[in-house]
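# Could you look at this predicted model? Sequence included:
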Amino acid sequence: MSKRGRPRKNEGTVFPREGSTFWWIRYPNREGEIMRESAETTDREEAERFLRARLDARDEGRLRIVLSGKNLTFNELADWFLERWSAPPVRSENTHAQNLNALKQLRPAFGHALLSDITPEAIEDYLRGRLTARRKIQTKLGIRLGGPLKPSTVHQEFRVLTRILNVAINQRRLAGNPCNAVEFPVSIKNATRKPHYMTASEQSVIEFNAPDYLKNVIVIMTEMGLRPFKELMPMLKSQVDLENLMVHIPDSKTPSGVTDMPMTELARQAFKAQIDATPGSEYLFPSPKPKAKRPYLTALRKPWAKTLRRAGVPYFSLYELRHTYATRLSAGGVADHFVTQMLRQGDAKVFKRYSQAKLNMMREALAKLDRHANEHQEIFSTAKPN
């Protein structure tokens, strides 16, 4: 027996293995089964630290998770994530497309790496590399390099990576998320464009230059704040009750979005005009292509951009008409918490982004400021007593 005495039953050992240049470790798991692993190092002290980390994971009940992540690559996890947690109907088509685009960049960097090998340092190196990269633009002559990537683009990739690794934790494939130890290198507050508020004069010019169906979309969105592609485009005519001025929304982005929404008189006129313009179809906005994948319109970017060019208005997304709707409610004196309910948002914090456009409304109010108000004695002075 050695001077140190017999090793305790739950302790492991570090040993050299024939045919390997690395140190190996041997230790019992909670069930008493002997586990053997390569420490993947030629330094004995590092191998002992590796053994202590395994023993700590065993004592804390994390050993099975750690070993599972050690044998799973990021590519395998990403494929499983896309199939089970990203594709419709679990997530919307737009969200799935964003995940696919982000993984085009994440796979070359982490694809063949084991989950246990993805460290905060590796993620920080990836983010810094992407922030200094330039946009790749596909042309007829090939790919040319554009300007630097926007921080918001890189931050979206970081969010997708965080989401995928969080799912791995929930499925007990990973003990901790290395993204939690990473701080995004730059601020994205100034990089994110504020939503555009469409003034009444802009709306008149845009509607004048828009085709009839798009004009109806504009009126409905600014009067009711419906989401264009999740709620309005797939809408059936049977969901519209013109007599009672109500619209039924059976499917939405959030659970709070599924409801019955009242409509204004202008919205009623737009709904009626669209119904009358599309006889023979059960959909409010049917697709003009008989062989389309979906029987209703799914894309409005090109006609919307063309309409804005004709109107001489700088481009902003169609979805930002929801910001205009929220801003007009707020400027009309509606309480913020009730505007959140009208937007049918699950989180009141989201309203802060929609209400950013209130700044333009404040400027419009300041433009009406009467700087000579105190000189109008006949109007504002106090009448003298008799």
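Received the coordinates, thanks. Because the structure is a prediction, the values reported are computed rather than measured.

# Which strands and helices lie in contact with the strand or helix carrying R268?
For R268, the element it lies in under DSSP states H and E is helix 265-277. With contacts defined as 3 or more Cβ pairs under 8 Å, 6 or more residues apart in numbering; DSSP states H and E, helix 265-277 has these neighbours: helix 212-224. C-beta here means a position set from N, CA and C on the backbone, and glycine is covered the same way.

# Partner strands of the very next helix or strand once past the helix it packs on and their direction?
Taking DSSP H and E as the definition, the helix or strand that follows helix 212-224 towards the C-terminus is strand 240-241. Strands that pair with strand 240-241, judged by DSSP bridges, come out as strand 246-249 (antiparallel).

# Just the C-alpha atoms of the strand it pairs with, please, in PDB.
Included here for strand 246-249 are C-alpha records, laid out as PDB according to Å, rounded to 0.1, in the frame of the first residue of the first chain:
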ATOM      1  CA  MET A 246     -65.800  43.200 -36.500                       C
ATOM      2  CA  VAL A 247     -62.900  41.100 -37.800                       C
ATOM      3  CA  HIS A 248     -62.100  37.600 -36.400                       C
ATOM      4  CA  ILE A 249     -58.400  36.700 -36.200                       C
END
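
# Quick one: name whatever helix or strand follows it.
Using DSSP H and E, the helix or strand that follows strand 246-249 towards the C-terminus is strand 259-262.

# List the buried residues for that following strand?
M261 (16 or more other Cβ atoms under 10 Å).

# Mind checking the pLDDT average for that strand?
The predicted model assigns strand 259-262 a mean pLDDT of 89.

# Now do that strand: distance to the chain's middle.
25 Å (Cα atoms, centre = their mean, to the nearest Å).

# what's the neighbour count on R301?
Look at R301: counted by other Cβ atoms under 10 Å, it has 10 neighbours.

# can you give me the helices in the stretch 1-150 of the chain?
In the stretch 1-150 of the chain, helices defined by DSSP state H, counting those that start in this stretch lie at 44-59, 63-70, 74-81, 93-110, 120-131, listed in chain order.

# Check which helices and strands the second one is in contact with.
In this case it means helix 63-70. Counting contacts by 3+ Cβ pairs under 8 Å, 6+ apart, the secondary-structure elements packed against helix 63-70 are helix 44-59.

# circling back to that earlier point, output the helices of the stretch 1-150 of the chain in CSV; the columns should cover distance to T278.
As requested, these are arranged in CSV below (distance: least, Cβ to Cβ, whole Å):
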stretch, distance to T278
helix 44-59, 62
helix 63-70, 53
helix 74-81, 39
helix 93-110, 23
helix 120-131, 45
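
# Pick out the shakiest of these, pLDDT-wise.
Set side by side, the helices of the stretch 1-150 of the chain differ in mean pLDDT, and helix 63-70 is lowest with a mean of 71.

# Centre of the chain to that helix, how far?
30 Å.

# Could you list the residues in contact with it?
Where contact means Cβ atoms under 8 Å, 6 or more residues apart in numbering, the residues beyond helix 63-70 that reach it are 29-30, 35, 54, 57, 114-116, 168, 172-175.

# Send me that helix as PDB with only the CA atoms.
Taking C-alpha atoms only, helix 63-70 is exported to PDB below (Å, rounded to 0.1, in the frame of the first residue of the first chain):
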ATOM      1  CA  LEU A  63     -22.200  14.400 -15.800                       C
ATOM      2  CA  ARG A  64     -24.700  12.800 -18.200                       C
ATOM      3  CA  ILE A  65     -25.300  16.200 -19.800                       C
ATOM      4  CA  VAL A  66     -21.600  17.000 -20.200                       C
ATOM      5  CA  LEU A  67     -20.900  13.600 -21.800                       C
ATOM      6  CA  SER A  68     -23.900  13.900 -24.100                       C
ATOM      7  CA  GLY A  69     -22.700  17.300 -25.300                       C
ATOM      8  CA  LYS A  70     -19.200  15.900 -25.800                       C
END
